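Undergrad: model this:
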Amino acid sequence: MARIPTPETEPVLLNKTDLCKSLGISTQAFDKWDVPIHSKKGRECLYTMADVVGNRVANERKKHISRPVEDEDDKPNIEFERYRLTKAQADGQELKNEKDRKEVVEVAFCSFVLSRIAAQISPVLDQIHIRVKRKFPDMPERTVDAIRAEVIKSQNTAAQLANGIEDLLDEYIGSTD
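TA: Numbering: from 1, shown residues only. From the prediction side, this is the model:
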């Protein structure tokens, strides 16, 4: 059987301006690519799309080959470290914004507030047994002493609350995990 020869097709040639328009890039960017000129027609340089695609593929291969394999024990990964730094800065800014909006507070502030509240509650609790005795003068003294003992327990609990805030925070975080 005889073979039918296929006619060779001539490549479509494009000038730099038309090529850059079709690629959506500037002529300055195209010049940096160093695509080989297929032919010249007067002062006009003509290129084939195959040469452009070959140039871009070779450029990508060169990027991947020229990248040395880094020994992870010797050098930190710069991109990863940059990512971590950026993330830490973003988290810090987000926390600062939440503080400015009064959505979060520090544990030290909570301890300070709770100790102040306990200091305000303590005198009120200290007066309970005296007020009860005034309202009910015929109440037996041992009942008043029992009330005083319970009030003292409540005062101690309120005073210890500010000191235990960090333990409570650790317990809360442990229960949510």
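Undergrad: ok, how many other residues are close to His64?
TA: When neighbours are counted by other Cβ atoms under 10 Å, His64 registers 7. Every C-beta, even on glycine, is put in place using the N, C-alpha and C of the backbone.
Undergrad: How is it assigned, secondary-structure-wise?
TA: helix (DSSP: H, G, I helix; E, B strand; the rest coil).
Undergrad: Contact partners for it?
TA: Neighbouring residues of His64 by Cβ atoms under 8 Å, 6 or more residues apart in numbering: there are none.
Undergrad: what's the distance between Thr9 and Asn55?
TA: Using Cβ to Cβ, to the nearest Å, Thr9 is found at 21 Å from Asn55.
Undergrad: higher neighbour count, these two?
TA: Using other Cβ under 10 Å as the criterion, Thr9 and Asn55 rank with Asn55 on top: 15 against 6.
Undergrad: Pretty sure that one sits in a strand.
TA: No. Asn55: not assigned to a strand; according to three-state DSSP it is helix.
Undergrad: thinking it is in contact with Asp34, fair?
TA: Yes. Under the criterion of Cβ atoms under 8 Å, Asn55 makes contact with Asp34 at 7.2 Å.
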